[in-house]
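Engineer: Build the 3D model from these lines:
(one chain, ligands or ions: 2)
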Amino acid sequence: TQTTRPQRILAAVQKNATRGDPRSVVKAIDQFCRHKEWAMNVGDEKGCILDSVVTEVNPATVLELGTYCGYSTVRIASLLPSHAKLITLEFDPGNAAIARQVIAWAGLADKIQLVEGASGDWIPKLKEKFGIETFDLVFLDHWKDRYLPDTKLMEECGLLRKGSILLADNVICPGTPDYLEYIRNSPRYKSQYFKSHLEYTKAEDGLEKSVFLG
Ligand SMILES: O=C(NCCCCCn1ccc2cnccc21)c1cc(-c2ccc(F)cc2)cc(O)c1O
Ligand SMILES: [Mg+2]
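Structural biologist: Ligands and ions are numbered 1, 2, ... in the order given. Next comes the predicted model:
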């Protein structure tokens, strides 16, 4: 019977990456997706921008919306300080099952809480469920039409504090026009666009980094 693309990505990690070595997991996925099968990981080029933002923010609490196979989850978690916590939300149970194994292979399971479900349902419950006050960094990489409503929901739920950073993938391709319009014109945010390329391609894409001003 036919395997899924996430299953083939996991197989590439288990074949080519070293257990407990997050960078080798990231490299194995990038090699597979560049040379064998494209997949919607943030990828190596935008991944370097992600790394620099994570390193600069040095967050104690991170929310990732959109786990997929765990590529950016592993990338982020590998840069976190020892007591930091990353909560990642994945809607698709099949993807979540693969991501758990990729995260385990990287040896980062103790830093990461993978939650299955929809952002709109989970965001209002994160405080009570995980004892989170606010997020220092949010990485948006899920349904592109959910970036704006979920940002407003995070504001309403008091999950953002003065200085919280939102980093949004795919603001050009596939594109998040309503989110960009809101975040670039809101007096409550200071935004910066990092021009890059759609993962593993020459098409334009970029990350939008926004600081919540409170
Ligand atoms: O669609 C993308 N990602 C989202 C996947 C589904 C997320 C579902 N999901 C996960 C958590 C969660 C929580 N709540 C609700 C829903 C939730 C995506 C697509 C492209 C892309 C594809 C084709 C193409 F030709 C060009 C570009 C590139 C990317 O980098 C992407 O990220
Ligand atoms: Mg993406």
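Engineer: neighbours around Lys129, how many?
Structural biologist: 12 (other CB atoms under 10 Å). Every residue, glycine included, has its C-beta placed from N, CA and C.
Engineer: Mind listing residues that contact the helix or strand in which it is found?
Structural biologist: Taking DSSP states H and E as the definition, one finds Lys129 inside helix 126-130. Contact with helix 126-130 is made by Leu63, Lys85, Ile87, Gln113, Ile132, Glu133, Cys157, Gly158, Leu159, as judged by CB atoms under 8 Å, 6 or more residues apart in numbering.
Engineer: same thing but 10 Å
Structural biologist: The contact list for helix 126-130, computed with CB atoms under 10 Å, 6 or more residues apart in numbering, reads 61, 63, 85, 87, 89, 113, 115, 119, 122, 132-135, 154, 157-159.
Engineer: Asn58 and His83 touch, don't they?
Structural biologist: No - contact criterion CB atoms under 10 Å: Asn58 and His83 do not qualify, at 11.8 Å.
Engineer: Just want to know which of those two has more residues nearby.
Structural biologist: Asn58 (12 against 7).
Engineer: and the closest residue to that one other than its chain neighbours, what is it in contact with?
Structural biologist: Closest residue to Asn58 apart from its sequence neighbours, by CB to CB, 6 or more residues apart in numbering: Pro81 at 6.3 Å. By CB under 10 Å, 6+ apart, Pro81 lies in contact with Asn58, Pro59, Ala60, Lys111.
Engineer: tell me the contacts of the second one?
Structural biologist: Neighbour list for Pro59: 53, 76, 79-81, 84-86, 135-138, 164-165 [criterion: CB under 10 Å, 6+ apart].
Engineer: swap the cut-off to 7 Å and go again
Structural biologist: Neighbour list for Pro59: Leu80, Ala84, Asp136, Leu137 [criterion: CB atoms under 7 Å, 6 or more residues apart in numbering].
Engineer: For it, give its distance to ligand 1.
Structural biologist: Pro59 sits 19 Å away from ligand 1, going by CB to the nearest ligand atom, to the nearest Å.
Engineer: in the chain, which spans are strands?
Structural biologist: With DSSP state E, the ranges of strands along the chain come out as 61-65, 85-90, 112-116, 135-140, 160-168, 189-197, 204-212.
Engineer: picking that back up, write the PyMOL selection for whichever of the contacts of Pro59 are buried.
Structural biologist: Command for PyMOL that selects the buried part of the contacts of Pro59, burial taken from 16 or more other CB atoms under 10 Å:
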select buried, resi 80+84+136+137
